[in-house]
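[1] Here is a sequence together with a model predicted from it:
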Amino acid sequence: MSSPLPAPFPLARPRRLRQSPWVRELVAENRLHVSDLIWPIFIHDRDVAREPIGSLVGVDRLSVAEAVKEAKLAKNLGIKVLALFPHLREDIRNADATAAIDPNGLIPTVCRAIKAEAPDIGLLVDVALDPYTDHGHDGLLREGRIVNDATVEMLVEQARVQVEAGADIVAPSDMMDGRILRIRQALEANGHHDTLIMSYAAKYASAFYGPYRDAIGVKALKGDKKTYQMDSSNSDEALREVAMDIQEGADMVMVKPGLPYLDIVQRVSETFQVPTFVYQISGEYAMIKAAAERGWVDHDRAVMETLLAFKRAGATGILTYFARHVAETLLEGGR
């Protein structure tokens, strides 16, 4: 049934519903809550507590001990989930990404440490090889090509190692075909029936990933990622990718990047009605920070406006580097 047409002016005056803060709050269609936020953090393997990331103002790489402190802070702020990303020394990276499947590697180590001190915090772990390779790709590189099936086998082992260390959600961000099914099968076979999979189901080859690559230490990507990440001109393709991942056992799906792909967030949310997440990625964060530093936009208003845009488009939750700041702001405002 279609909505009735509004009454004509002056019987209808839409500004009545905007006349004061309490009225606007009363009729707000979308709200942002601390529980909507997932906080991505970067962990490094060097003997220094915190290391600023130049291209992500206000974001540091953390030692394992500092990551544990951030987990406790997240709990106090009401943030339910941390997303963990590693920054490894160059001498640990190689073409075969062997550090990705090391049970005593950086991410398994930080998972165990956080679970020991803050067991109620959910841990989301990235399943991809780019932080571990010396060429910066999400998969194994053979004769100039990213090989799909051999990469998937590595991802399955990576996911198993991370889950056995305490990860609650595995989030394959690699965009290899068939990896959700193989990971789900392996988790079931190893008794990890309750482990969640949040698939980066619609991840686009984007110009906005630069600061993230800086954060994880990818200095010189060899080639590009267009043979496995999606073409920014495509929308229907995203629905096919999401459908495949749901059928293969994903519990939740993600669209990445965020603002340039609000239409995809809306289509995925409305079409599949499954938990749909969005990643406000490093380039989006950096642009707001840079503009705010120059006085071109109001920092807090811009942040809140973009996060509400994700909610308005249908996002269940948001991965954002602004998570701590937003949580503190919402708590101060009593929301």
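    Good, I have the coordinates. Numbers count the residues shown, from 1 in each chain.
[2] Can you tell me how far residue 244 is from residue 177?
    Distance from residue 244 to residue 177, counting by CB to CB, to the nearest Å: 8 Å. Where C-beta positions appear, they are placed from N, C-alpha and C, glycine not excepted.
[3] Same check on residue 157?
    18 Å.
[4] got it, and residue 217?
    27 Å.
[5] Over to residue 230?
    12 Å.
[6] The two: which has the busier surroundings?
    More crowded of residue 230 and residue 177, by other CB atoms under 10 Å: residue 230, with 22 against 15.
[7] nearest residue to that one other than its sequence neighbours?
    residue 204 (4.6 Å; CB to CB, 6 or more residues apart in numbering).
[8] And the strands in this protein, which stretches?
    Using DSSP state E, the strands of the chain run over 37-44, 50-52, 60-62, 81-87, 122-127, 140-142, 145-147, 169-172, 196-203, 252-256, 276-280, 317-320.
[9] any idea of the mean pLDDT for the fourth one?
    It refers to strand 81-87. The average pLDDT for strand 81-87 rounds to 98.
[10] Return the list of helices and strands in contact with it.
    strand 37-44, helix 64-77, helix 106-117, strand 122-127, helix 210-216 (3 or more CB pairs under 8 Å, 6 or more residues apart in numbering; DSSP states H and E).
[11] and the longest one, what other elements does it pack with?
    Judged by 3+ CB pairs under 8 Å, 6+ apart, the packing partners of helix 64-77 are strand 37-44, strand 81-87, helix 106-117, helix 323-332.
[12] Using PDB, list the CA coordinates for the first one.
    This file holds the C-alpha atoms of strand 37-44, laid out as PDB (Å, rounded to 0.1, in the frame of the first residue of the first chain):
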ATOM      1  CA  LEU A  37      30.400   0.500  16.200                       C
ATOM      2  CA  ILE A  38      33.300  -1.800  15.500                       C
ATOM      3  CA  TRP A  39      36.700  -0.400  16.400                       C
ATOM      4  CA  PRO A  40      39.600  -1.300  14.000                       C
ATOM      5  CA  ILE A  41      43.000  -1.300  15.700                       C
ATOM      6  CA  PHE A  42      46.500  -2.000  14.400                       C
ATOM      7  CA  ILE A  43      49.000  -4.100  16.300                       C
ATOM      8  CA  HIS A  44      52.700  -4.200  15.700                       C
END
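[13] Compute the inter-axis angle for the biggest helix by length in the chain and helix 106-117.
    In the chain, assigned by DSSP state H, the helix with the most residues is helix 148-164. Orientation of helix 148-164 against helix 106-117 (axes from the mean of the first three to the mean of the last three CA atoms, to 10 degrees) gives an angle of 20 degrees.
[14] got the angle for helix 148-164 vs strand 196-203?
    140 degrees.
[15] Give me the distance from helix 148-164 to the chain's centre.
    Helix 148-164 has its C-alpha centroid displaced from the chain centroid by 19 Å (CA atoms, centre = their mean, to the nearest Å).
[16] Over to stretch 46-60?
    With CA atoms, centre = their mean, you get 19 Å for stretch 46-60.
[17] Need the distance between the two termini of it.
    In stretch 46-60, first residue to last residue: 13 Å (CA to CA, to the nearest Å).
[18] Likewise for stretch 111-122?
    End residues of stretch 111-122 are separated by 10 Å (CA to CA).
[19] Please point out which parts of it sit buried.
    111, 112, 113, 114, 115, 118, 121 (16 or more other CB atoms under 10 Å).
[20] if I pick the last one, what's in contact with it?
    For residue 121, the contacting residues are 71, 74, 75, 80, 81, 82, 114, taking CB atoms under 8 Å, 6 or more residues apart in numbering as the criterion.
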